[in-house]
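Q: Need a 3D model of the following:
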Amino acid sequence: MFQSLKPRTLLLAVAILALFPSVASADAVTAADIVFVVDTPTNVVVTLNHALQAPLPHTSAINTITSASGFWAISLTVVESTTSVNITGDIQHLMSPPGHPNGGLGPLFHFDLTVTLVPGVPIRLTDVDRCCAAMHDVHLDLYTATLTGVRNAPPNAGSFASFNLRVEGVHTPEPATMILLGTGLVGVAIKARKKLKSG
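A: Coordinates of the predicted model:
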């Protein structure tokens, strides 16, 4: 194929490739950018910090990453441009902590976060997505996902410099269970008090 091209044409093509690298060669978000800051059977905090670099826009898809403990998994798709960042993802509780009755997987929490630069807005822009009642047998998996974009300093204030994603998860007994437990404890206390009075 290249034999039919003239030397001058080949040199020009190489020069264009050098000046305009492909989107695939951009500084994409990778699995190495994801950090499990907290990783226990009942709590997780996952962070992603990334500086936007040319060429933009581009998309990074991160396949499922399991935490070191094996209790949590997260996957992300990041779409970056100079004035907007969108992150969609899923996080899931994979295994049961001690004392969990039935074992198995927790519900998948899906989040979709976007920060977009608008003239006159603050330096830091934040989008928050919450899930407050994801049942996991008789337990709840509670999640909060927060995306923050940081604007460049002047004279480049019309573009983002970096962004931060923070996803927090808590595996906890569901409210009805807590109410029953509380009611039981109150009953025990009343019974003990009556015994003390009669004695």
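Q: Just the buried residues of the helix or strand containing residue 111, please?
A: Under the criterion DSSP states H and E, the helix or strand holding residue 111 is strand 109-116. Using 16 or more other CB atoms under 10 Å as the test for burial, strand 109-116 gives 109, 111, 113, 115. Every C-beta, even on glycine, is put in place using the N, C-alpha and C of the backbone.
Q: again, but for stretch 79-95
A: Residues 79-80, 82, 84-89, 91-93 are the ones in stretch 79-95 that count as buried (16+ other CB under 10 Å).
Q: Mean confidence (pLDDT) on it, please.
A: Throughout stretch 79-95, pLDDT has a mean value of 91.
Q: Just checking: what are the partner strands of the strand holding residue 111?
A: Here strand 109-116 is paired, per DSSP bridges, with strand 84-93 (antiparallel).
Q: Now tell me what touches stretch 51-66 from outside.
A: If you take CB atoms under 8 Å, 6 or more residues apart in numbering as the criterion, stretch 51-66 is touched by 20-23, 26-31, 34, 72-82, 85, 94, 159-163.
Q: Report the residue spans of the protein with pLDDT below the cut-off.
A: Along the chain, the parts satisfying pLDDT under 70 run over 1-26, 96-103, 120-125, 129-137, 174-199.
Q: go with 90
A: Along the chain, the parts satisfying pLDDT under 90 run over 1-28, 41-42, 53-56, 93-109, 115-142, 148-160, 171-199.
Q: Strands along that one, start to end?
A: Applying DSSP state E to the chain gives strands spanning 34-39, 43-51, 58-66, 72-80, 84-93, 109-116, 124-136, 139-151, 160-173.
Q: and the shortest one, which residues are buried?
A: It refers to strand 34-39. 34, 36, 39.
Q: Repeat that for the fourth one.
A: Along strand 72-80, these residues count as buried under the neighbour rule (16+ other CB under 10 Å): 72-76, 78-80.
Q: which helices and strands sit right next to it?
A: Judged by 3 or more CB pairs under 8 Å, 6 or more residues apart in numbering; DSSP states H and E, strand 72-80 is in contact with strand 34-39, strand 43-51, strand 58-66, strand 84-93, strand 160-173.
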